[in-house]
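S.K.: The sequence and its predicted three-dimensional model are supplied below.
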Amino acid sequence: MNKPGRRGGPRETASESSAPGGMPSDFSREHFKALIESSDDAIISKDMAGNVTSWNAGAEALFGYSAEEMIGRSLLVLFPFERRDEETLILNKILAGEKVENFETVRRHRDGHLIDVSVTISPIRDGAGRIIGASKIARDVSERLALTVTALQFEAIVASSDDAIISKSLDGTILSWNAGAQAMFGFTACDMIGQSIHLLVPRERQAEENDILLQLRAGQKVDHIETVRRRKDGRLIDVSVTSSPIRNTRGKIIGASMIARDITAQKRAEARLQLTARVFSSTHEGILITDANGLIVEVNESFLRISGYRRDELLGQSPLMFSSSRQGPEVRATMWAQLSATGSCQGEAWSRRKDGQAYAGLLSINSIRDNAGRVQNYVALVADITPLRAKQEELERLLHFDPLTKLANRILLGDRLQQAMLQARRAQQPVTVLYLDLDRFKLVNDTYGHDIGDQVLVAVSHHMLEVIRDTDTLARMGGDEFVVVLQGVGTAACSDALVGRILRACARPVVIGKLVLQVSASIGMTVFPDDEADADQLIRHADQAMFIAKREGRNRIYHFDPALEAGIQLRNVQLSRIAQAIVTDELVLFYQPKVNMRLGTVTGMEALIRWRHPERGLLPPAAFLPVMQDDPLETTLGEWVILQALAQMSRWQADGLRLPVSVNIAASQLLLPDFAVRLGLLLERFPDVDPGDLELEILETSALHDLHAVAALMQACHALGVHFAIDDFGTGYSALTYLRRLPAETLKIDQTFVRDMLIDHDDLAIVQSVIALADVFQRSVIAEGVESMEIGERLLDLGCDIAQGYAIARPLEAAAIPEWLVNWQPFASWKDRPSDP
Ligand code: C2E
Ligand code: MG
Ligand code: MG
């Protein structure tokens with residue numbers, strides 16, 4: 001309510017301004033006037049006819065009429081119709097000289113609204129005491145009344161409000177504090193009334209609160225400012241505050257109300273929403289939202305970028321518009337089924353951009369349901385993984401295909417072969433694996449260059465593709481090697497015919513410019529499941545067979561033999577077991593003495609290998625040497641034996657025993673090109689051993705392999721000082737000329753002849769002729785296998801004095817040799833033999 005100001009001049013006529021109690025002085029007259037003018041109450045005088053004679057500012061403020069309007073007018077204008085009677089009542093009292101005091105009634109404002117007033121009316125008398133009018137003082141009590149009427153209601157509202165409703169003085173002192181304020185800030189009314197509102201304000205907001213107070217003092221309302229306030233527990237809360245000035249009845253600002261609402265949750269929700277919005281707009285992945293019917297309702301920037309469409313082209317459309325022909329409808333159908341069943345689905349799908357280009361999308365779709373569980377929206381996240389896919393496909397190609405011929409490479413071949421084998425097992429049909437190597441292809445490369453070579457490879461691969469079937473696989477293994485997998489070729493004849501065609505396809509002339517080139521192929525072949533192997537092994541077997549095809553003259557097919565392979569495998573197991581035995585020191589050398597029977601002297605020892613097998617006991621050489629034949633391990637072992645023998649000689653020497661030792665040498669070792677060099681190195685490691693004390697026993701049969709090479713080798717070893725004996729002599733049927741060319745010092749008569757010479761004339765004859773031969777060629781002779789005194793006697797009679805055999809000593813461990821040397825006695829009959837029969 002806007003009340004008019006109190007300035008302005010006196011509005012009453014001079015005649016009514018007299019005060020009761022005689023003529024006032026000029027001063028008191030002025031004073032009264034000021035008093036009446038400044039009063040908030042309406043002070044009015046009227047004559048006995050009821051017409052207004054004075055009207056102060058308070059009256060103007062209360063009733064809305066100015067003094068000019070009211071002076072001379074009937075006061076009845078202020079009376080509501082139903083209150084007209086009151087005027088007569090009041091008049092009668094005045095006429096009776098009575099005063100009407102604090103009479104509460106209702107009057108009408110100039111604008112028509114009713115005002116509750118409390119009225120005091122007194123008679124005005126002239127100097128002679130006659131009543132000439134009445135004064136009327138009216139006070140507006142409508143606010144007081146209104147307050148009493150609504151106070152309870154208002155208090156209830158304030159008490160039950162969740163908002164904090166606080167009133168404060170203009171300096172910020174809290175005057176009232178409702179339950180909402182207590183709940184919001186944690187302080188009780190008791191804590192806060194009389195305290196400064198600044199208590200609730202964080203330090204950095206103090207200025208803001210001061211600002212609010214300033215505005216309130218200026219009569220301005222502070223509407224819905226969002227700020228932060230502190231609770232009793234120190235926690236900050238977001239609040240929305242509205243403060244209004246509180247005025248008294250006359251409009252004077254006497255304080256302020258403050259209504260605060262906790263908007264922390266709302267703020268948080270807003271922040272979350274903002275974040276969501278930011279994520280939505282800034283995420284790299286495309287986001288597409290549809291309604292329950294699957295029509296697009298929202299897409300983000302990224303989706304527009306990925307799809308190439310404008311927003312308005314998409315809204316209201318179905319995502320089916322992105323379907324790409326790069327995949328069947330089943331991909332989307334599967335995803336849809338999963339989405340319906342579980343509420344979400346993930347997968348990869350090809351989609352189409354606006355320009356028609358296909359792109360690979362990694363999709364994740366979720367359905368959003370309302371509280372009743374009904375689908376409201378679907379949200380799809382789309383990551384464009386086209387570059388990734390492209391790279392993957394490229395890698396796949398590099399990984400699985402040969403860049404030159406575009407044929408499958410060995411990796412893809414492995415897969416295909418495995419699949420073919422699976423299918424073969426199910427269908428009980430064979431799989432044929434061919435390993436194919438072009439013959440003398442190196443010559444093409446060397447003669448015409450690699451470019452031409454490459455073109456030949458491509459041409460030949462095309463020729464082969466023409467004869468195989470779609471279900472077959474042709475792969476390039478690298479270089480000029482190919483593998484063909486033929487699936488389900490029924491009969492052997494059938495497959496032979498097909499393989500024959502492949503062989504001929506390889507041999508077809510290749511025309512490159514003016515050049516006409518022709519190559520051929522060697523093919524190794526194996527058939528699963530006859531060859532019950534895994535994919536890798538099948539290829540290896542075909543490869544092995546291909547080698548044999550080459551060895552047998554090229555341009556041909558060779559069938560792999562699984563039975564043969566089984567033997568080879570067993571051998572491999574055994575070989576690796578022996579290799580292990582060398583490392584773990586399970587092999588050991590025994591020594592068998594060689595003696596001069598006539599003189600009773602010891603001429604040396606033969607080193608014989610044994611295997612102390614942890615499970616099978618002491619094994620003779622026959623139990624494991626044959627397995628090693630022609631394997632590289634044989635030469636490894638051979639070197640080990642020489643090394644052990646030399647070490648033993650060195651040890652005996654240190655013990656004062658000088659014993660020549662002979663060592664058996666396998667044919668393969670003998671044929672090593674650097675045998676002599678390696679022997680030299682071994683001898684160097686034992687400088688105390690005289691190389692002349694080392695004798696190498698070579699089998700007559702192995703010497704005959706390559707007489708020329710063996711003779712050269714023996715010469716080289718002679719240069720080192722090493723001697724040779726030909727072992728098992730007589731079993732190899734060597735021609736006399738051969739013997740002449742082999743520079744061996746000693747012939748060792750094979751024990752099979754010696755053993756039976758007393759009973760078998762043929763054997764005796766052989767023994768005799770070997771002895772004679774040695775004599776002719778000036779070689780020494782030694783008989784092995786002397787099992788009895790009698791054989792020894794006979795050998796002595798024949799002129800063979802040196803011997804070795806069980807009758808003299810069995811092969812002994814090295815440690816047993818010194819004792820044997822001390823104890824050994826030749827048979828008396830040997831010593832007594834007359835020399836030279
Ligand atoms: P070898 O070189 O002819 O050795 C003589 C074999 O006759 C030895 O058999 C020996 O124990 C056996 N022996 C000796 N005196 C008699 C006898 O009076 N009666 C009978 N029945 N046998 C006798 P061992 O030790 O079983 O060796 C067999 C063959 O194994 C050797 O025949 C030799 O060719 C080969 N060998 C042994 N050790 C080695 C070696 O270190 N390296 C190579 N490459 N071959 C070896
Ligand atoms: Mg021997
Ligand atoms: Mg022998």
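M.R.: Cool, got the structure. Ligands and ions are numbered 1, 2, ... in the order given.

S.K.: What residues does residue 202 make contact with?
M.R.: For residue 202, the contact set (CB atoms under 8 Å, 6 or more residues apart in numbering) comprises 228, 229, 230, 236. Backbone N, C-alpha and C define where each C-beta goes, glycine included.

S.K.: could the residues you listed be laid out in CSV, adding pLDDT?
M.R.: Output for these, formatted as CSV (pLDDT from 0 to 100):
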residue, pLDDT
228, 91
229, 92
230, 93
236, 91
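
S.K.: Show me which residues of this protein are close to ligand 3?
M.R.: 727, 728 (CB under 5 Å from the ion).

S.K.: tell me which helix or strand of the chain sits lowest on mean pLDDT?
M.R.: helix 26-38 (a mean of 56; mean pLDDT, DSSP states H and E).

S.K.: next helix or strand past it?
M.R.: Next along the chain after helix 26-38, taking DSSP states H and E as the criterion, comes strand 42-47.

S.K.: Which other helices and strands does the next helix or strand along the chain from that following strand contact?
M.R.: Following the chain from strand 42-47 toward its C-terminal end, the next helix or strand by DSSP H and E is strand 52-55. When contacts are defined as 3 or more CB pairs under 8 Å, 6 or more residues apart in numbering; DSSP states H and E, strand 52-55 sits against strand 42-47, helix 67-70.

S.K.: Determine which of the ones you listed approaches ligand 1 most closely.
M.R.: strand 42-47 (146.4 Å; CB to the nearest ligand atom).

S.K.: what pairs with the closest one, and is each one parallel or antiparallel?
M.R.: strand 52-55 (antiparallel), strand 131-140 (antiparallel) (DSSP bridges).

S.K.: out of those, deepest packed?
M.R.: strand 52-55 (a mean of 25; mean count of other CB atoms under 10 Å).

S.K.: now the helices for the stretch 601-750 of the chain?
M.R.: 625-628, 632-654, 667-670, 675-684, 700-705, 707-720, 736-741 (DSSP state H, counting those that start in this stretch).

S.K.: quick one: contacts of the longest one?
M.R.: So that's helix 632-654. Taking CB under 8 Å, 6+ apart as the rule, helix 632-654 contacts 575, 578-579, 582, 587, 589, 591, 607, 609, 625, 628, 658-659, 661, 663-666, 668-669, 672, 678-679, 682-683, 685-686, 688-689, 693-694, 814, 817-818.

S.K.: ok, and which of the residues you listed reach ligand 2?
M.R.: Among those, the residues within reach of ligand 2 (CB under 5 Å from the ion) are residue 664.

S.K.: Just the buried residues of the contacts of helix 632-654.
M.R.: Buried subset of the contacts of helix 632-654 (neighbour count, 16 or more other CB atoms under 10 Å): 575, 578-579, 587, 589, 591, 607, 609, 625, 628, 659, 661, 663-666, 668-669, 672, 679, 682-683, 686, 689, 693-694, 814, 817.

S.K.: Which ones among those lie within strands?
M.R.: 587, 589, 591, 607, 609, 661, 663, 664, 665, 694 (DSSP state E).

S.K.: Hmm, the first one is touching residue 613, no?
M.R.: Think residue 587. No. Checked against CB atoms under 8 Å, the pair residue 587 and residue 613 is beyond contact range at 9.7 Å.

S.K.: Between these two, which contacts overlap?
M.R.: residue 581.

S.K.: who touches residue 602 in this structure?
M.R.: 593, 594, 595, 596, 659, 821, 824.

S.K.: Deepest in the core, which of the helices and strands packed on strand 52-55 is it.
M.R.: With neighbours defined as mean count of other CB under 10 Å, these peak in mean count at strand 42-47, which reaches a mean of 23.

S.K.: So which residues of the stretch 401-550 of the chain form strands?
M.R.: Taking DSSP state E, counting those that start in this stretch to define them, one finds strands in the stretch 401-550 of the chain at 431-438, 473-478, 481-487, 510-512, 515-517, 521-528.

S.K.: quick one, which of those is nearest to ligand 1?
M.R.: Per CB to the nearest ligand atom, nearest to ligand 1 of these: strand 521-528, 33.5 Å.

S.K.: helices and strands around the closest one, which ones?
M.R.: If contacts are counted by 3+ CB pairs under 8 Å, 6+ apart, strand 521-528 sits against strand 431-438, helix 492-507, helix 535-551, strand 557-559.

S.K.: Ligand 2 versus the most far-flung residue of the chain relative to its centre, what's the distance?
M.R.: With distances taken as CA atoms, centre = their mean, the residue sitting farthest from the centre of the chain turns out to be residue 128, at 117.7 Å. Using CB to the ion, to the nearest Å, residue 128 is found at 182 Å from ligand 2.

S.K.: Also residue 56?
M.R.: 157 Å.

S.K.: isn't that residue right up against residue 44?
M.R.: Yes. With contact defined as CB under 8 Å, residue 56 reaches residue 44; the gap is 7.3 Å.

S.K.: Put together CSV for the strands paired with strand 42-47, with mean pLDDT on each row.
M.R.: CSV is the format used below for the strands paired with strand 42-47 (pLDDT from 0 to 100):
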stretch, mean pLDDT
strand 52-55, 88
strand 131-140, 80
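
S.K.: Tabulate those (CSV), appending distance to residue 270.
M.R.: Supplementary listing: these in CSV, determined by distance: least, CB to CB, whole Å:
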stretch, distance to residue 270
strand 52-55, 58
strand 131-140, 47
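
S.K.: now, the most widely separated pair of the ones in strands among the buried ones among the contacts of helix 632-654?
M.R.: Distance extremes for those: the farthest pair is 587 and 694 at 19.4 Å, using CB to CB.

S.K.: circling back to that earlier point, going by mean pLDDT, which of the helices and strands packed on strand 52-55 comes out lowest?
M.R.: Mean pLDDT is lowest for strand 42-47 among these, at a mean of 84.

S.K.: Dump that strand to CSV, keeping only the CA atoms.
M.R.: Written as CSV, here are the backbone C-alpha positions of strand 42-47 (Å, rounded to 0.1, in the frame of the first residue of the first chain):
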residue,chain,number,x,y,z
ALA,A,42,-7.2,10.9,10.6
ILE,A,43,-8.2,14.0,12.5
ILE,A,44,-11.4,15.5,11.2
SER,A,45,-13.8,18.2,12.5
LYS,A,46,-17.4,18.7,11.4
ASP,A,47,-20.2,21.0,12.1
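
S.K.: And the contacts of that strand?
M.R.: 12, 16, 36, 52-56, 58-59, 61-63, 70, 75, 117, 124, 132-139.

S.K.: hang on, residue 231 packs against residue 186?
M.R.: Yes. Counting by CB under 8 Å, residue 231 touches residue 186, with 4.7 Å between them.

S.K.: In whatever helix or strand residue 336 lives in, which residues are buried?
M.R.: In this assignment (DSSP H and E), residue 336 forms part of helix 329-342. Using 16+ other CB under 10 Å as the test for burial, helix 329-342 gives 331, 332, 335, 339.
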